[in-house]
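# sequence plus the predicted model coming up.
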Amino acid sequence: LFSVEMSDALIWELTKDNTCFMHKRNGRTSRTGAVRFSRERGNLMNLSTFKYSGLANDKAVDVALDGDKIVMGTRARGSTRGSAFRDQSLNHGFRRSVASIKKQTVGNAYRRDLRNASLARYNRAKSVSKVRKSVKKGAEVKRCRNVRA
């Protein structure tokens, strides 16, 4: 099979309305409208926009939990779209991991605009992994005053 190179804008125009990763949530009123989410790899905010799309951008960043490890993936150069992420472990302390994320996004001039989103995603993944390891307790469920346990 031959690989055809297309621009990022063309790929976005072809995939923005229908992909297998799209989740559309309808609003309850005309004022709120419908919200589109997308769950592809490389989409830090899970929003269906060109800026955060992991499918349409050549340079995409992904921070995710892989089992009990936190992994940051960046799209490898010269590889096909889809399975093109190079993973890097982020399990060596909070400050060192934050410095590593900043170095990959801002320091290498990779995607400066995704720095805050990737740091927020890392912070959330770190807290979820602590709850899974039972280091930190999850949020307590509020109960009614009249119910006795």
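Okay, I see it. Numbers count the residues shown, from 1 in each chain.

# buried set for the longest helix anywhere in the chain?
Using DSSP state H, we find that the single longest helix of the chain is helix 115-132. For helix 115-132, a neighbour-count test (16 or more other C-beta atoms under 10 Å) marks 115, 117, 118, 119, 121, 122, 125, 126, 129 as buried. Heads up, the C-betas are built off the backbone N, CA and C, glycines and all.

# all helices for this protein, in order.
Counting by DSSP H, the helices of the chain are 8-15, 94-102, 115-132.

# export those to a markdown table and tack on distance to residue 44 and mean pLDDT?
Below are these laid out as a markdown table (distance: least, C-beta to C-beta, whole Å; pLDDT from 0 to 100):
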| stretch | distance to residue 44 | mean pLDDT |
| --- | --- | --- |
| helix 8-15 | 16 | 90 |
| helix 94-102 | 11 | 93 |
| helix 115-132 | 4 | 90 |
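
# quick one on the thing from earlier: and the buried residues of helix 115-132, which two are the farthest apart?
115 and 129 (21.1 Å; C-beta to C-beta).

# list the contacts of residue 52.
Counting by C-beta atoms under 8 Å, 6 or more residues apart in numbering, residue 52 makes contact with 38, 43, 44, 45, 46, 114, 117.

# farthest pair within the residues you listed?
Maximum pairwise distance among the contacts of residue 52 (C-beta to C-beta): 15.1 Å, between 38 and 114.

# which residue packs closest to the residue nearest the centre of the chain, ignoring adjacent ones?
The chain has residue 44 as the residue nearest its centroid, 2.5 Å off, counting by C-alpha atoms, centre = their mean. Closest residue in space to residue 44, ignoring its immediate chain neighbours: residue 117 at 4.2 Å, by C-beta to C-beta, 6 or more residues apart in numbering.

# tell me how far that neighbour lies from residue 132.
22 Å (C-beta to C-beta, to the nearest Å).

# run through the protein and note the low-pLDDT ranges.
1-3, 28-30, 77-83, 135-138, 146-149 (pLDDT under 70).

# ranges for the strands of it?
Secondary structure of the chain by DSSP state E: the strands cover 22-25, 35-38, 61-66, 69-75, 85-89.

# all set now, cheers.
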